[in-house]
Structure formats: structure tokens, C-alpha cells
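Visitor: okay, here's the prediction I keep looking at, along with the sequence it came from:
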Amino acid sequence: MAKIFCVANQKGGVGKTTTAVNLAAGLAQVGQRVLLVDLDPQGNATMGSGIDKRTLALSIYEVLLESASVAEARARSEHGRYDVLGANRELSGAEVELVELERRERRLKSALQAADADYDFVLIDCPPSLSLLTLNGLVSAHGVIVPMQCEYFALEGLSDLVNTIKQVHANLNPDLQIIGLLRVMFDPRITLQQQVSEQLRQHFGDKVFDSVIPRNVRLAEAPSYGQPGVVFDPNAKGALAYVDFAREMVERVRRM
Ligand code: ADP
Ligand code: MG
């Protein structure tokens, strides 16, 4: 059975897509069968996996509207060695169209069930909002991975997401839990970041992943080459950290 995880945080630019893409590639490197679902109309996870969002024949949009299956709509990231359910601007229309439809928040869940046997991990890159698209992700998932920067307001921003997850857990998906907070773009030379990191540990205990992703320019450069950072420059600090994180996730899933 595939384990399904949302990478979510309602803030933009916090490292969701970088985490989704590099965790997908990292998991593939340690032998896992992975599907990456791009739920953001910006299509950054699609492009960052080396798939051109402008020329997608089928995408997550058709899957949500039930005119295509996951098996029909998926593409292969050749560099990353994982499958991708791609997204582009069309997806922003789905948000409006879904509102009218029955089971509107369960579309992704149903679609993924049909592809369950093909994967060990399904990772869902969520848009920076708590929209119907994100809701489809949360309803499908066993857990949420929350990337965050160790900044002063980091904890404050977290409460909306935590409340949404609680509501989805209570009403729509009893499996859902926060798997962990992932510290990203970390710079140990900045005292404030060390302090916030320490606070996170005190507050959330083992809900904070042991792996820490450093700020590393190679991770930021990789998408323009259509490659995950862990493939683009495997020896860069950021790449090594994401492969460590992939191993940590495999270990967590074993204990779930
Ligand atoms: P989100 O999906 O949450 O909007 P992204 O993953 O797109 O965030 O990251 C926002 C920006 O930060 C991007 O330009 C990305 O390349 C950069 N970035 C993300 N993680 C790192 C990192 N660990 N080191 C350096 N740059 C990073
Ligand atoms: Mg993103």
C-alpha cells in the first residue's frame, strides 16, 4: 500500500516545491517507487521534474474532473526516476469547476486509490493556500510534511494550517496527522534561526524531523535545468540533506 503525504504550508516561498521534488528524487534513489502529484497551478514541481507544463497532454486537471485516470495522465521524470502527475494554469479553473460537483473534496483520493499498487510513496505538492485543491490533497493523505524556515513568525503562521488539519482529521479523513515539521533553508550562522529551531524542538518534540535542510544555492539553481537538486549536484550539501531526509521518511513509514 502506498503511503501518501502532502507537502503543505499556506505560506508561499517556504520550500514546499523544493521539498516535494527533492524528497521524490531522494526516495527514488533509495529504491522507492514514487509518484509526485503537482497540485499547484504554477506547475513548479512539474517543471522542476523536467516535464514541460506547457505541453502536457493530460494533467492533474483531467484527473480531478475524472476524465482521465492517474495511469493515463502520469508522466515520467527521467532524471528523477519517479512519476509525475503534472499541473499547469488549467488547474486554477478546476478549483471553480469542482465546486459544482459531487464528492468535490474526494476526487484525488479516489483517483489515487486506483494507482495504489504502483507506488511506495505518493507526494503531493500543495499550493500556498487552504483551497479546495489543498483540501483534495489533505483528504487523500496519511500525513502532512510541513517545511518551514526558522524565522520569528514561523510558529504564528502554523496555527491556521494546524487548525485546518484538525478539521480535516475530524470531518473528512481520520488518518490525517502531521508527520513532521521540516526545517528548511537553514543557516546555522544566524543565531535567531538556532533559537527558533530550538523552540520548535521544545514545542513539537519528535514532530520535528531530525534532518535539517541547509540554505544551498545548488537547490535553487537545479529547477532551471529541469532537474531535482539531488540529481543536479548530488554532492552539494542541500542534496545530501534531502537524501538523508528521504531515509528518515522511509524509517518513519516503517514505524507508522
Ligand atoms: P514554495 O513551493 O513553498 O513556494 P519553493 O520550494 O518554490 O517554495 O522555494 C522558494 C524559493 O526558495 C525558490 O526560489 C527555491 O529555489 C528557493 N529554495 C528553496 N529551498 C532552498 C534551499 N534549501 N536553499 C536555497 N534556496 C532554496
Ligand atoms: Mg511551490
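Guide: Sure, I can see it. Ligands and ions are numbered 1, 2, ... in the order given.

Visitor: flag every residue of this protein that's near ligand 1.
Guide: Residues of the chain that fall close to ligand 1, judged by CB under 6 Å from any ligand atom: 12-18, 44, 128, 184-185, 213, 215-217, 219-220, 238. Every C-beta, even on glycine, is put in place using the N, C-alpha and C of the backbone.

Visitor: which residue, other than its chain neighbours, is closest to the closest residue to ligand 2 within the chain?
Guide: Residue nearest to ligand 2 within the chain: Thr17 (3.3 Å; CB to the ion). Spatial nearest neighbour of Thr17, chain neighbours left out: Asn44 (4.5 Å); criterion: CB to CB, 6 or more residues apart in numbering.

Visitor: gap between that neighbour and Leu36?
Guide: 11 Å (CB to CB, to the nearest Å).

Visitor: looking at those two, which is more packed in?
Guide: Leu36 (32 against 19; other CB atoms under 10 Å).

Visitor: mind checking the SS state of that one?
Guide: Secondary structure state of Leu36, per DSSP: H, G, I helix; E, B strand; the rest coil, is strand.

Visitor: so it makes contact with Leu27?
Guide: No. Counting by CB atoms under 8 Å, Leu36 does not reach Leu27; the two are 9.6 Å apart.

Visitor: list residues touching both of those two?
Guide: Here Leu36 and Leu27 share the contacting residues 82, 123, scored by CB atoms under 8 Å, 6 or more residues apart in numbering.

Visitor: distance of Arg74 from Gly229?
Guide: Taken as CB to CB, the span from Arg74 to Gly229 is 22 Å.

Visitor: now do the same for the residue of the chain closest to ligand 2: its pLDDT.
Guide: Note for Thr17: predicted pLDDT of 98.

Visitor: contacts only, for it.
Guide: So Thr17 contacts 7, 40, 44-45, 48, 125 (CB under 8 Å, 6+ apart).

Visitor: for the spatially closest residue to His169 that is not a sequence neighbour, give its distance to Glu72.
Guide: Leaving out its chain neighbours, the residue that sits closest to His169 by CB to CB, 6+ apart is Leu176, at 4.6 Å. Look at Leu176 and Glu72: by CB to CB, they are 27 Å apart.
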